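In: Dropping a prediction and its sequence here:
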Amino acid sequence: MNATQAETGGESPRAGPVPRTGRYRWMIIAILFFATTVNYIDRTMLGLLAPDLGKELGWNENDYGNIVTAFQAAYALGFLLMGWLVDRFGPKIGYAIAIGVWTVGHVMHGFASTVASFMAARVVLGVGEAGHFPSVVRASSEWFPQKERAYAIGWVNSATTIGVILTAPTLWIFMTWLGLDWRETFIYSGLFGVVLLVLWLKFYSNPRESGKVSEGELAWIEHDPPEQIQKIGWSRVVRLREAWAFAVAKFLTDPVWFLMLFWLPKYFASTYNVDLKVVLLPMIVMYLLSDVGSIAGGWLSSNLIHKGWTPNAARKVTMIIAGCCVLPLLFVTQLENMWLAVVLIGLALAGHQAFSTNLLSLPPDMFPKRAVGSVIGLGGFCGGVGGMIMAKSTGLVLDATDGNYTLIFAACTVVYFLAVGAIHLLSPRLTRVSV
């Protein structure tokens, strides 16, 4: 037993065969990358159109707040349903249903006129989009062994910010270049979801049924120790410490991502008098840095496992390093130079995405494949609840401090270390669950 194993008390995964490059499983990741991009374009589009829609439809701030809250609540609750659905029917059918539901919700925006009808569209969108990450992690657990899984998930996770960045250019193509109005833009951009659904149904299957992998690659994909149990019911999932290790970490850290998505434009507008919807370069720099973090975080833990570290040590050490990358947020509110703030916030976003990539890798480490969707669903629900609490508390703090973000950013730097502590307390060795 090497030093890392001795410290954690775990066993390294068996060496297995020499890894095969395998193009097909990386094509699956490419489809999931595209899916993530579409997912985030669809959820972000309303936010960019909201100022114009508010003027046209007569929304006040409370009306728009209700529309946003409807999405967040549906997204949180949708994780519980969609996680179960992916486990019940498998990622091919489960994700196809999710794509279909969120695409219908997206197109519904084009027919909405009242606050209530926009809320209904956001509810359908939120429920469907909640099926994305349970499907991503379940599919990755089927196509990638433990040594590669975090790296694969890191690539898919990086597309979240690509989707945010591409939303404005997408609106320009439809509304300026093609001359469509906002209703037509919602309707015709639903074609992205249709294309995605066709690609998913055509190309996705599990490795053994695909007929696209060699015996050597299949041996590599399946070289992890065989699962002792094939399925864990939902009623058992919610009683397992390992599931709550993931869920508590999501509750603590997901709100930071929601904060950055929803409040960064307001922070830059109030602090530097910059509208990120008009001056896109700062947003692009910050989100590209977050993409680097997502991929690097997955690479680091995967590389450490390749070198003989236990998954327990590799995942937790990488998450601690990622948490350290968020610490510069403590100094952002003291900076007068906008671009230095952009770099520090970008570093924090990179740390968050590196942490998130490894956190998403934990359920397949601890649970059988047919329970992964439910565990991701539980964590996603808790993360959504945390996001709603963060949104409300951020508003209260900003009102009480005359718009000062110091306390909020300071809280963001602490939660990652609390999350690692919770994970270690509830699952000291990240051992696989047993009956």
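Out: Structure's in. What do you need? Residues are numbered from 1 along each chain as shown.

In: Could I get the contacting residues of the spatially closest residue to residue 123 that is not a sequence neighbour?
Out: Excluding the flanking residues, the one nearest residue 123 by Cβ to Cβ, 6 or more residues apart in numbering is residue 74, at 4.2 Å. Every residue, glycine included, has its C-beta placed from N, CA and C. The neighbours of residue 74, taking Cβ atoms under 8 Å, 6 or more residues apart in numbering as the test, are 122-127, 130.

In: and what of residue 70?
Out: So residue 70 contacts 119-120, 122-123, 126 (Cβ under 8 Å, 6+ apart).

In: Counting neighbours, what do you get for the nearest residue to it once chain neighbours are set aside?
Out: Closest residue in space to residue 70, ignoring its immediate chain neighbours: residue 119 at 4.1 Å, by Cβ to Cβ, 6+ apart. By the criterion of other Cβ atoms under 10 Å, residue 119 has 19 neighbours.

In: and what of residue 42?
Out: Other residues within reach of residue 42, judged by other Cβ under 10 Å, total 26.

In: What strand or helix carries it?
Out: Residue 42 is part of helix 23-57 when elements are defined by DSSP states H and E.

In: The residue nearest to residue 70 contacts residue 67, doesn't it?
Out: Yes - if you go by Cβ atoms under 8 Å, residue 119 and residue 67 touch, sitting 5.5 Å apart.

In: which helices and strands sit right next to the helix holding residue 42?
Out: In terms of contacts (3 or more Cβ pairs under 8 Å, 6 or more residues apart in numbering; DSSP states H and E), helix 23-57 is packed against helix 61-108, helix 115-129, helix 132-143, helix 146-172, helix 182-189, helix 191-203, helix 215-221.

In: Which one, of these, ends up nearest to residue 52?
Out: Closest to residue 52 of these is helix 182-189 (Cβ to Cβ; 7.2 Å).

In: Give me the contact list for the closest one.
Out: By Cβ under 8 Å, 6+ apart, the surrounding residues in contact with helix 182-189 are 41-42, 45, 49, 52-53, 106-107, 109-111, 170-171, 174-175, 180.

In: neighbour-wise, which of those leads?
Out: The residue in those with the most neighbours, by other Cβ under 10 Å, is residue 106 (28 neighbours).

In: what's the pLDDT at it?
Out: For residue 106, the model assigns a pLDDT of 97.

In: Could you number the chain from 57 rather than 1 from now on?
Out: New numbering, starting at 57: the last item is residue 162.

In: what's near enough to touch it?
Out: 98, 101, 177, 181, 242, 245-246, 249.

In: which of these lies closest to residue 343?
Out: Residue 343 lies nearest to residue 101 out of these, by Cβ to Cβ, at 16.2 Å.

In: so that closest one sits right up against residue 226, yeah?
Out: Yes - counting by Cβ under 8 Å, residue 101 touches residue 226, with 7.4 Å between them.

In: Save the contacts of residue 130 as JSON lines, and put in neighbour count too.
Out: Shown next, in JSON lines, are the contacts of residue 130 (neighbours: other Cβ atoms under 10 Å):
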{"residue": "178", "neighbour count": "27"}
{"residue": "179", "neighbour count": "20"}
{"residue": "180", "neighbour count": "21"}
{"residue": "181", "neighbour count": "29"}
{"residue": "182", "neighbour count": "24"}
{"residue": "183", "neighbour count": "21"}
{"residue": "186", "neighbour count": "28"}
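
In: ok, the residue nearest to residue 126 to residue 101 distance?
Out: Distance, residue 175 to residue 101, using Cβ to Cβ, to the nearest Å: 16 Å.

In: picking up where we left off before, pipe the helices and strands packed on helix 79-113 into CSV and attach distance to residue 382 per row.
Out: As requested, the helices and strands packed on helix 79-113 are arranged in CSV below (distance: least, Cβ to Cβ, whole Å):
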stretch, distance to residue 382
helix 117-164, 23
helix 171-185, 25
helix 188-199, 21
helix 202-228, 16
helix 238-245, 34
helix 247-259, 32
helix 271-277, 34
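
In: Nearest to residue 421 among these would be which one?
Out: Of all the helices and strands packed on helix 79-113, helix 202-228 comes closest under Cβ to Cβ, at 6.5 Å.

In: give the contact list for the residue nearest to residue 126.
Out: Residue 175 neighbours (Cβ under 8 Å, 6+ apart): 122-123, 126.

In: Now do the same contact list for the most centrally placed residue in the chain.
Out: Nearest to the mean C-alpha position of the chain, counting by Cα atoms, centre = their mean, stands residue 213 at 5.8 Å. Residue 213 makes contacts with 92, 350, 354, 409, 412-413, 416, as judged by Cβ under 8 Å, 6+ apart.

In: can you pick the most crowded of these?
Out: That'd be residue 413 among the contacts of residue 213, by other Cβ under 10 Å, with 33 neighbours.

In: hmm, back to that, which pLDDT value belongs to the residue nearest to the centre of the chain?
Out: For residue 213, the pLDDT comes out at 91.

In: now the chain, which segments are flagged as low pLDDT?
Out: Filtered on pLDDT under 70, the chain yields the residue ranges 57-78, 117, 282-287, 333, 491.

In: circling back: which one of the contacts of residue 126 sits closest to residue 369?
Out: Nearest to residue 369 among the contacts of residue 126 is residue 182, at 36.6 Å by Cβ to Cβ.
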